[in-house]
Every structure is written in structure tokens, then in C-alpha cells.
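Colleague: Got a predicted structure here, sequence first:
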Amino acid sequence: MRTRPIVLFVGFLSSLAPAGPVRGGIVTYTDLDEWRAAAAGVGTGVVTEIDFATLPNGLPTPFEERVLITPEFNYTEQGVTFSTPVPELRVWDCAICDGGVLDAQDVILGSSGRNWIIAHFVEPAAAVGIVSGGHTTLSLYDDEGTLIAEALLTGGGTGLFVGIVSDIPIASGAVDRGASFEILDSFHFTPVPEPATLLLLGAGEIALMARKARKG
């Protein structure tokens, strides 16, 4: 009888494992609604969207005024910290961009002429997606920096989407078009539950089943 709660607990933890592809398998989506439905079924099930319509401090993104994103002034509280190898990284409401954007530009003379956007997750993610103008690549990495998956965002224009759902926890990502600039209209992700959260949920499940057993 003493082993039953342990078995139930292990079964409960297994039920919280991300659904979808087996390890090494990746599912790529080009439709935001389809990706969102899939992302809601993995990790915590909570899909976070950063649309850059607001600054990290919650104030509205100013129109045609570029605001620098730094390690100290970032979207870390929302779950992801953005950076770029060649500053500057800026948020602004672009007149031709239909809202706020995150914009990385190589503005340093004598540099490599390349720039891209890097995303480091506060907690690992189970699903990641981007909306951008196309002709760019979303790359995702584990906590050792090993490439998990890549997805090409084809086409040109605005409002194009590509997203990935992975059973391998995603620690970071990069958006890179191989040019001197990169731009994001919005960034989407679903976190993986923390181990402490799993234990709390498992303990609650065991307590609930124990109460049901006593009533039975």
C-alpha cells in the first residue's frame, strides 16, 4: 500500500511531460493559431507573447523614437532577455511596421556588417515562435548551446510567422537573416514547468487522491 502513492506520483509527472514529438523530433508551424494551439499543450501550457507595443517598464512604446534595450532595461520579467552581438538593440513604434518592433542594427563602422537578435529564456521553453518580415531563420539551442532545431521564415512583407515545438527544453534562441539588421514584430514562447512546480503539483495530486480514497 505504501508504494501506491509513489506509483501515482510518477504517473502524474509523466502526464506533465510535453506532448508531441519524441526526443529528437521537432514540429515546425507556419500558422500562428496552429502553433498557439500546440504550444498550449506543452510545458506549462501558458503562451507568453511579447509584442513590443510596450517597453519593459510597461509604458507604451513611443512612436518613431528608438528606445535602447540593455541588460538592465529588458524583458526579463516577462521571461526572456534579449541581446545582440553588435549594439544597438532598440524598441520603437515604426510607421511602416504596424506597431512596436524590436530592431537590431549594425551601426558600428568597421564591424563585420552582421547583426542578429539573441533570446535567453529565464526558464527553459517548450515552444518558441516569431512574427517578422520574412527571409530570416529561427534557431533554438539547449542549455549547453547545442542546436536543437532551425526553421526558415520565408516570404517577404509583414506579419509572417514561424514557430517550433520541441520536447527538448529550449534555453536560448537566435533570429538571424545573415544581414546587418534583424527585426521582430512579436516573440512568443511557452515555458517548461520548474521542478519545484512539478513537485508541488504532484504533492497536491497525491493529497487529492488520498482524500478521495478516504471518502471511498
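Modeller: Great, that's in hand. Numbering: from 1, shown residues only.
Colleague: ok, now how distant is the residue most central in space within the chain from Gly155?
Modeller: Residue closest to the average C-alpha location in the chain (Cα atoms, centre = their mean): Phe189, at 3.0 Å. For Phe189, the distance to Gly155 equals 22 Å [Cβ to Cβ, to the nearest Å]. Using the backbone N, CA and C atoms, a C-beta is placed for each residue, glycine as well.
Colleague: can you check Val131 too?
Modeller: 12 Å.
Colleague: More neighbours: which of those two?
Modeller: The neighbour count for Val131 versus Gly155, taken as other Cβ atoms under 10 Å, is higher for Val131 (20 against 11).
Colleague: Pull the contacting residues for the more buried one.
Modeller: If you count contacts by Cβ atoms under 8 Å, 6 or more residues apart in numbering, Val131 has them with Leu32, Gly159, Leu160, Phe161, Leu184, Asp185, Ser186, Phe187, His188.
Colleague: nearest spatial neighbour of the last one, skipping sequence neighbours?
Modeller: This points to His188. Excluding its sequence neighbours, the residue lying closest to His188 (Cβ to Cβ, 6 or more residues apart in numbering) is Gly129, at 4.2 Å.
Colleague: contacting residues around that neighbour?
Modeller: 29, 32, 35-36, 39, 138, 161-164, 187-189.
Colleague: Narrow those residues to those in helices?
Modeller: Leu32, Trp35, Arg36, Ala39 (DSSP state H).
Colleague: Which of those residues ranks first by neighbour count?
Modeller: Ala39 (29 neighbours).
Colleague: What's the separation between that residue and Leu32?
Modeller: 10 Å.
Colleague: sorry, back to before: mind putting the ones in helices among the contacts of Gly129 in JSON lines, pLDDT included?
Modeller: Putting the ones in helices among the contacts of Gly129 into JSON lines (pLDDT from 0 to 100) gives the following:
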{"residue": "Leu32", "pLDDT": "96"}
{"residue": "Trp35", "pLDDT": "97"}
{"residue": "Arg36", "pLDDT": "96"}
{"residue": "Ala39", "pLDDT": "95"}
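Colleague: and which of those is nearest Gly99?
Modeller: Leu32 (14.8 Å; Cβ to Cβ).
Colleague: Relative to Ile26, how far out is the nearest residue to that closest one once chain neighbours are set aside?
Modeller: Spatial nearest neighbour of Leu32, chain neighbours left out: Phe161 (4.4 Å); criterion: Cβ to Cβ, 6+ apart. Noted for Phe161: a distance of 16 Å to Ile26, by Cβ to Cβ.
Colleague: Please identify which of the two sits among more neighbours.
Modeller: Phe161 (21 against 16).
Colleague: can you give me the strands in the chain?
Modeller: Applying DSSP state E to the chain gives strands spanning 26-29, 48-50, 67-68, 80-83, 89-94, 99-105, 117-132, 136-141, 147-153, 160-176, 181-184, 186-191.
Colleague: among those, which is nearest Asn74?
Modeller: Comparing the strands of the chain by Cβ to Cβ, strand 80-83 comes nearest, at 5.0 Å.
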